[in-house]
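Enquirer: coordinates only, sequence not included:
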């Protein structure tokens, strides 16, 4: 029976992925800020799910992760879904800095804790949900797209580090497009919108099969390919206002 810790399991992609793991018979360590939502999830399968309230922006979060892993009986997979995102063309510093604290500082805090656990216990898989937004800088969501590029690069660096040190830590970088979650408050303004259940299924398959990187779905894989072909001088003139 696989044992997975899902950081950010209280809503959206994280919640749906937790349900998918439960259906597969896995043991799930569910973490997030909202205690009531964690308890609702645990009630679905009390014999399979253990929970721990964790705020990734808190310095005590790695210790809480350690407690959760102990109660779970170990961890083969760590899945990081926690994150925030919003359009901020006004560049409100409070919004930008909150995004950085969560998607960069909190991300590093938890992924390093997971990496160090795996390195000390014979290995494991470290999976993260980043975004296609990390492909190019999006003017309407500067901190968000930059934070997702940071996550992509950080995981690449950790993968190289794992090879260098022989830690047997493996990685999966999940890059979804627009998903109908609370991050997108008005789905009518977003093209190619995907349901969280569909994304969770594709995510589960990618992690279970040990994929290194997965763009969800094929439409977005094509979109990312096209984005990369656009010269910077043209990219700066595109009025791209949505985030993913």
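Expert: Nice, I can see it. These figures come from a predicted structure and were not determined experimentally. Numbers count the residues shown, from 1 in each chain.
Enquirer: tell me the secondary structure for residue 116?
Expert: Of the three states, residue 116 takes helix under DSSP: H, G, I helix; E, B strand; the rest coil.
Enquirer: where does residue 184 land on pLDDT?
Expert: At residue 184, the predicted lDDT confidence score is 52.
Enquirer: which stretches of the chain form helices?
Expert: Ranges of helices within the chain are 12-23, 35-44, 61-72, 93-100, 107-120, 142-165, 196-208, 218-229, 232-235, based on DSSP state H.
Enquirer: Quick check: which of those helices is buried the most?
Expert: helix 12-23 (a mean of 23; mean count of other C-beta atoms under 10 Å). Where you see a C-beta, it was placed from the backbone N, CA and C, and this is true even at glycine.
Enquirer: about what we covered before: so for residue 85, which of the helices of the chain sits nearest?
Expert: Of all those, helix 142-165 sits nearest to residue 85, with 4.4 Å by C-beta to C-beta.
Enquirer: name the helices or strands packed onto the closest one?
Expert: Under the contact criterion of 3 or more C-beta pairs under 8 Å, 6 or more residues apart in numbering; DSSP states H and E, helix 142-165 touches helix 93-100, helix 107-120, strand 124-129, strand 169-176.
Enquirer: Please list the residues outside it that contact it.
Expert: Contacts with helix 142-165, where a contact means C-beta atoms under 8 Å, 6 or more residues apart in numbering, come from 83-86, 88, 91, 95-97, 99-100, 103-104, 107-108, 111, 115, 119, 126, 128, 130-131, 133-138, 167-171, 173, 175, 212, 243.
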